[in-house]
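Q: Below: sequence and its predicted model.
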Amino acid sequence: MATRRKFIQTTLLASAATFAGRTPILSKMIKARRSSGDSKVDKPIVISTWNFGMTANAKAWEILSNNGRALDAVEQGVRIPEADPKISSIGYGGLPDRDGYVTLDACIMDETGNAGSVAFLQHILHPISVARVVMENTPHVMIVGDGALRVALDNGFKKQNLLTKEAKKEWEMWLKDHNYKPYKYDVNNHDTIGMLALDSKGNLSGACTTSGVKFKYHGRVADSAIIGAGLFVDNEVGAATATGLGESVIKIAGSHLVVEMMRQGKSPEEACEIAVHRIIEKQPNYKDFQVAFIALNKNGETGSYAIHKNFQYARHSKENAQLIDTKFYMD
């Protein structure tokens, strides 16, 4: 018995010593990576999906260029397309589900790992700001449907009709021509703005907001409300966000995968390409839909990759504001 007890004690001590030895090594690796990139860091910087990201970035840049926090920048930035009735895939002006209701999803994540999300939210112009309320004023990460609406109203948000005349007209035409069948996805059915920012203090945050794919099933929620799918931020490494067919992104925990690839030393573009190829490998119908990722690392390096061509992301830094054509897998 004494021999057995001694063996167990020896084993435990050895294991503890091994673990204790590994922890400083991991810490040193992280510090070395951050240190080696100090001279290269391009900050502040903000990137976002699609061409409407240009105006969103301009608003975010007002905050970032005045030494503002990345979290404030991404929230205020994506509020611009949320309020634009000419954009049919985000917020006010968003095309409804097949029952005629505009339902919104959004999530936000800061540099500390805190996150907030709303899903299946109706009647509120800025779901991204409600997501921030969830993050900062509740003990939860995600609140949905009537519960999310109640949170919004209790915190001063105003209830309003988000279905524009133009959106209603298109829905009525679809309903007539498609005999109440679900909308078939296509590569041009853009549904999300995702935004990532690195502020002057070197902190990352991200936001993602959408009205979802047009004429979806009532109650459908996709990646834009899900931390790790539509958005993920790790302040030690980088951040990523997704756009396109949300179901496909959820199935691979897409944005989290991109960040983990950057953790392993991949560039933002390489990490995004790996995530896209994961979809291609696992989902045989990938030719029928679009998915794209954008990523930003701690050094201010950016990158993107898409299944199909014609995806662009907007980038705003001290140097310039530009719209970048991303690399893609197939025409």
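A: Looks like it came in fine. Residues are numbered from 1 along each chain as shown.
Q: Isn't residue 46 up against residue 65?
A: No: assessed by CB atoms under 8 Å, residue 46 is found out of contact with residue 65, at 9.9 Å. Placement of C-beta: from N, CA and C, glycine included.
Q: who are the neighbours in contact with residue 293?
A: Applying CB atoms under 8 Å, 6 or more residues apart in numbering, we find residue 293 in contact with 240-243, 254-255, 258, 271-272, 275-276, 304-306.
Q: one step back: tell me which of residue 46 and residue 65 has more neighbours.
A: The neighbour count for residue 46 versus residue 65, taken as other CB atoms under 10 Å, is higher for residue 46 (31 against 14).
Q: what about the closest residue to residue 325 other than its chain neighbours, distance to residue 323?
A: Counting by CB to CB, 6 or more residues apart in numbering, residue 325 lies nearest to residue 312, which is 5.6 Å off, once chain neighbours are set aside. For residue 312, the distance to residue 323 equals 5 Å [CB to CB, to the nearest Å].
Q: quick one: which of these two has more around it?
A: Here residue 312 and residue 323 are compared on neighbour count by other CB under 10 Å; more neighbours surround residue 312, at 19 against 13.
Q: For that one, report the pLDDT, please.
A: What the model reports for residue 312 is a pLDDT of 95.
Q: Could you verify my assumption that it touches residue 324?
A: Yes: between residue 312 and residue 324 there is a contact under CB under 8 Å: 6.2 Å.
Q: what's the overlap in contacts for residue 312 and residue 323?
A: Between them, residue 312 and residue 323 share the contacting residues residue 51, judged by CB under 8 Å, 6+ apart.
Q: Contact partners for the residue nearest in space to the middle of the chain?
A: Among the residues of the chain, the one closest to the centroid is residue 231, at 2.7 Å (CA atoms, centre = their mean). Contact analysis of residue 231 by CB under 8 Å, 6+ apart lists 107-109, 194, 206-208, 224, 239-242, 255.
Q: Pull out the buried residues from stretch 165-179.
A: The neighbour-count check on stretch 165-179 (16 or more other CB atoms under 10 Å) flags 167, 170, 171, 174 as buried.
Q: ditto for stretch 191-206
A: By neighbour count on 16+ other CB under 10 Å, the buried set for stretch 191-206 is 191-199, 202-206.
Q: Please apply the same query to stretch 126-145.
A: Buried positions in stretch 126-145, judged by neighbour count with 16+ other CB under 10 Å: 126-135, 141-144.
Q: which residues of the stretch 201-331 of the chain fall in helices?
A: For the stretch 201-331 of the chain, helices defined by DSSP state H, counting those that start in this stretch occupy the ranges 246-251, 254-263, 268-282.
Q: what's the longest one packed up against?
A: Packed against helix 268-282 by the contact rule (3 or more CB pairs under 8 Å, 6 or more residues apart in numbering; DSSP states H and E) you find strand 238-244, helix 246-251, helix 254-263, strand 291-297, strand 302-308, strand 328-330.
Q: among these, which is the most enclosed?
A: Greatest average neighbour count among the helices and strands packed on helix 268-282 goes to strand 238-244 (a mean of 32), per mean count of other CB atoms under 10 Å.
Q: can I get the CA coordinates of that one in CSV?
A: Backbone C-alpha positions of strand 238-244 (Å, rounded to 0.1, in the frame of the first residue of the first chain) are rendered in CSV as follows:
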residue,chain,number,x,y,z
GLY,A,238,-7.3,38.3,-33.9
ALA,A,239,-10.9,38.5,-34.9
ALA,A,240,-13.1,37.2,-37.8
THR,A,241,-16.6,37.5,-39.1
ALA,A,242,-18.6,35.8,-41.8
THR,A,243,-21.2,36.6,-44.5
GLY,A,244,-23.2,34.5,-46.8
